[in-house]
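S.K.: Predicted model follows, preceded by the sequence.
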Amino acid sequence: MFKNLKDKLRKFKSKAEKELGEDDGKKPVKGGKPVKRVPVKGGKPAKKGIVRKRAGGKSSLDKLDKDEWAEVEKKPLLEDAEGGLLAKKITDKKLEDIIWELEVALHESDVAVPVVEEIKDYVAKELSGKKIKRSLDLGDVIESALKNAISNVLVTKYINFDKFINDHKKPVVLMFVGVNGTGKTTAIARIVHRLKGMKKSSVIAASDTFRAGAIEQLEKHATRLGVKLIKHQAGSDPAAIAYDAIEHAKARKKDVVLIDTAGRMQTNVNLMDEMKKIKRVAKPDMIIFVGDSLAGNDAIEQAIKFNDAVQIDAAILTKIDADAKGGAALSIAHAVGKPILFVGIGQEYDDLVPFNPEWMVQRLFE
Ligand SMILES: Nc1nc2c(ncn2[C@@H]2O[C@H](COP(=O)(O)OP(=O)(O)OP(=O)(O)O)[C@@H](O)[C@H]2O)c(=O)[nH]1
Ligand SMILES: [Mg+2]
């Protein structure tokens, strides 16, 4: 999972650590002006022998031994607010070089362009001019900047799916949309399985009347999961089936209606119009775009087009168990401004897991 992106981030971190860790040989600078390599207090040179606490704990400069002074001399000395000595300042020149490396790494992992820009800017802002205490590890500082940048792009209005279902007026109507073969039907079966675990009853609407075998596929899942499937013949009106399923749910006091729809290319105007009709008739409480993470940047493009057509509320990203790149997972929520609800991580019913930024960041840096 995300091997490519993970490796690239790891390589970037160690390279950045190395490059930023090297002394640039310049005089240390504070506020743009060179400062003397003598600790200062209130802008004036400190009196010889004055007691000054170092981050490392020594309390008097007089007490520094020869080797320690040699160490101090090698590095720019700056003071932090507490008067502790600081070791390093990340210069903009060095930063520019490593940010370029980061940009390349992200592009190679299929991260969408606006997301690359955002991560770059965030990392640059967080590291620029940063004075790094000796007590801090440069690698940790870089990793934390990366993690914050990634969390930042993943944070969109979070939806707690279980809470949404629990709190919402019943029946809750969920409609699943996406291009062919992304995993809509499988996701529906998995959500029904999840709802069963929450003691919520479901009914499925077989509104994919387009693809041969689609109804049979759902029938198998419905039988296995023990839920009602509302179906008409192949080729019949998908909106009418959704309507019937909702009526059934109202009459039988079912909690959730899940509407399966046919896969369609975002460029197929007729099928996109048909999807809009299902929405008009069913008035779903949540439209969920199901995207295949293996499609990378195409999945982002599709999400944008589906969002333009029916205003999606959330996304599910499937097959991330097979996704080495990780770009789609990083980009999709940002691209459409809607959260990822779940990710598909395998072929079993349980392999649909709630998604949140920490989950992704944890996997990228484990
Ligand atoms: N590895 C893996 N395979 C998945 C995942 N989700 C779905 N699949 C597989 O993807 C294939 C297509 O899944 P479907 O659920 O039929 O996709 P669909 O979007 O309903 O397809 P259409 O109805 O034809 O548009 C199936 O073989 C699924 O088992 C996942 O998270 N990981
Ligand atoms: Mg399907």
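M.R.: Looks like it came in fine. Ligands and ions are numbered 1, 2, ... in the order given.

S.K.: and the stretch 251-366 of the chain, which residues reach ligand 1?
M.R.: By CB under 6 Å from any ligand atom, the residues of the stretch 251-366 of the chain that approach ligand 1 are 263, 290, 318-319, 321-322, 344-347, 351. Where C-beta positions appear, they are placed from N, C-alpha and C, glycine not excepted.

S.K.: Show me how to select, in PyMOL, the buried members of the residues you listed.
M.R.: When burial is assessed using 16 or more other CB atoms under 10 Å, the buried subset of those is captured in PyMOL by this command:
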select buried, resi 263+290+318+319+344+345+351
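
S.K.: Mark which of the residues of the stretch 251-366 of the chain next to ligand 1 are part of strands, please.
M.R.: Here DSSP state E is the test, and these give 290, 318, 344 as lying in strands.

S.K.: Looking at those, which one is closest to Ala187?
M.R.: The shortest distance between Ala187 and any of those, using CB to CB, involves Val290 and amounts to 5.4 Å.

S.K.: that older thread, and the residues of the stretch 251-366 of the chain next to ligand 1 as a markdown table, adding distance to ligand 2 and pLDDT?
M.R.: Compiled in a markdown table, these are given as follows (distance: CB to the ion, whole Å; pLDDT from 0 to 100):
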| residue | distance to ligand 2 | pLDDT |
| --- | --- | --- |
| Gly263 | 6 | 97 |
| Val290 | 9 | 98 |
| Thr318 | 12 | 96 |
| Lys319 | 14 | 96 |
| Asp321 | 19 | 93 |
| Ala322 | 18 | 93 |
| Gly344 | 13 | 96 |
| Ile345 | 19 | 95 |
| Gly346 | 18 | 94 |
| Gln347 | 15 | 91 |
| Asp351 | 17 | 96 |
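
S.K.: okay, now the domains of this structure?
M.R.: The chain resolves into domains spanning 7-24+91-154, 29-88, 161-364 when parsed by automatic domain parsing.

S.K.: of all those, which lies closest to Met1?
M.R.: Comparing those by their distance to Met1 (CB to CB), the top pick is domain 161-364, with 5.7 Å.

S.K.: re the thing from before, the domains of the chain: lowest mean pLDDT?
M.R.: Looking over the domains of the chain, mean pLDDT reaches its minimum on domain 29-88, with a mean of 41.

S.K.: what's the straight distance from one end of stretch 172-185 to the other?
M.R.: Start-to-end span of stretch 172-185 (CA to CA, to the nearest Å) is 18 Å.

S.K.: hang on, the earlier thing: winner for burial among the domains of the chain?
M.R.: domain 161-364 (a mean of 19; mean count of other CB atoms under 10 Å).

S.K.: How far does that domain sit from its chain's centre?
M.R.: Taking CA atoms, centre = their mean, to the nearest Å, one finds the center of domain 161-364 at 19 Å from the center of the full chain.

S.K.: okay but Asn166 is in contact with Met198, surely?
M.R.: Yes: in this structure Asn166 lies within contact range of Met198 using CB atoms under 8 Å: 7.4 Å.

S.K.: got the domains of the chain as CSV, with distance to Met1 columns?
M.R.: As requested, those are exported to CSV (distance: least, CB to CB, whole Å):
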stretch, distance to Met1
domain 7-24+91-154, 12
domain 29-88, 34
domain 161-364, 6
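
S.K.: Smallest gap between this structure and ligand 2, at which residue?
M.R.: Using CB to the ion, the single residue of the chain nearest to ligand 2 is Thr185, 3.3 Å away.

S.K.: Distance check, that residue against ligand 1.
M.R.: Thr185 sits at a distance of 3 Å from ligand 1 (criterion: CB to the nearest ligand atom, to the nearest Å).

S.K.: Contact partners for that residue?
M.R.: Residues touching Thr185, when contacts are defined by CB atoms under 8 Å, 6 or more residues apart in numbering, comprise 208, 214, 217-218, 221, 260.

S.K.: any chance of those residues in TSV, plus distance to Asn160?
M.R.: As requested, the contacts of Thr185 are arranged in TSV below (distance: CB to CB, whole Å):
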residue	distance to Asn160
Asp208	28
Ala214	30
Gln217	29
Leu218	27
His221	25
Asp260	24
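
S.K.: would you list those residues in TSV and tack on secondary structure and distance to Phe365?
M.R.: Putting the contacts of Thr185 into TSV (DSSP: H, G, I helix; E, B strand; the rest coil; distance: CB to CB, whole Å) gives the following:
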residue	secondary structure	distance to Phe365
Asp208	coil	39
Ala214	helix	40
Gln217	helix	38
Leu218	helix	39
His221	helix	36
Asp260	strand	36
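
S.K.: farthest-separated two in the residues you listed?
M.R.: The most widely separated members of the contacts of Thr185, counting by CB to CB, are Asp208 and His221 (12.5 Å).

S.K.: Could you pull up the contacting residues of Lys250?
M.R.: Under the criterion of CB under 8 Å, 6+ apart, the contact partners of Lys250 comprise Pro171.

S.K.: cutoff 10 Å now
M.R.: The contact partners of Lys250, taken as CB atoms under 10 Å, 6 or more residues apart in numbering, are 170-171, 257.

S.K.: do Leu218 as well
M.R.: Contacts of Leu218 were listed using CB under 10 Å, 6+ apart, and they are 185, 188-189, 204-208, 229-231, 258, 260.
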